[in-house]
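> the sequence isn't on hand, but the structure is:
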């Protein structure tokens, strides 16, 4: 999901039974549950900061050696924002698609309750 890939194969989704579809949706949602864990988010932020600092060191090295390179440290926050935003947006779209294309479980009791 972070790499821009589809979380669930739409072709395989159609072949799943209702329980498997529910489990796929739940698994995809667990990524967000995981990222919302305070310890995980803290580690994510620590990693973000470490990479940001290293990119700054690279920018300084490039400037000292008269290399005409763009400042990649400035691009890092933009990149991470795009990655996280696109992951959330694609996941919302996938959840909506899953909901519209889901299979229903019908048993005799639910059939009797239908108008």
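On my side now, so go ahead. This is a predicted model, so every value here is computed, not measured.
> outside of stretch 23-38 itself, list whatever touches it.
Contacts with stretch 23-38, where a contact means C-beta atoms under 8 Å, 6 or more residues apart in numbering, come from 1, 7-8, 13, 16, 40-41, 44, 88, 91, 94-95, 98. C-betas here are computed from N, CA, C, even on glycine.
> ok, now stretch 52-61?
69, 71-73, 76-77.
> 7 Å instead?
By C-beta atoms under 7 Å, 6 or more residues apart in numbering, the list of residues contacting stretch 52-61 from outside reads 71-73, 76.
> narrow those to those in helices?
In this view, these that belong to helices under DSSP state H are 72-73, 76.
> for residue 82, what are its contacts?
Shown here is residue 82, which makes no contacts under the criterion C-beta under 7 Å, 6+ apart.
> so it, which state does it fall into?
Secondary structure, DSSP: H, G, I helix; E, B strand; the rest coil: residue 82 is helix.
> which stretches of the chain aren't confidently modelled?
Applying pLDDT under 70 to the chain picks out residues 1-5, 7, 104-115.
> tell me where it has helices.
10-15, 18-35, 38-64, 72-101, 108-113.
> buried sites along the longest one?
For helix 72-101, the neighbour count (16 or more other C-beta atoms under 10 Å) marks 73, 76, 87, 91, 94, 98 as buried.
> does the second one touch residue 51 like I think?
I take that to be residue 76. Yes. Taking C-beta atoms under 7 Å as the definition, residue 76 is a contact partner of residue 51 at 6.5 Å.
> from residue 10, how far out is the closest residue to residue 41 other than its chain neighbours?
Beyond its immediate neighbours in the sequence, the residue positioned closest to residue 41 (C-beta to C-beta, 6 or more residues apart in numbering) is residue 35, lying 6.4 Å away. Distance of residue 35 to residue 10, computed by C-beta to C-beta, to the nearest Å: 23 Å.
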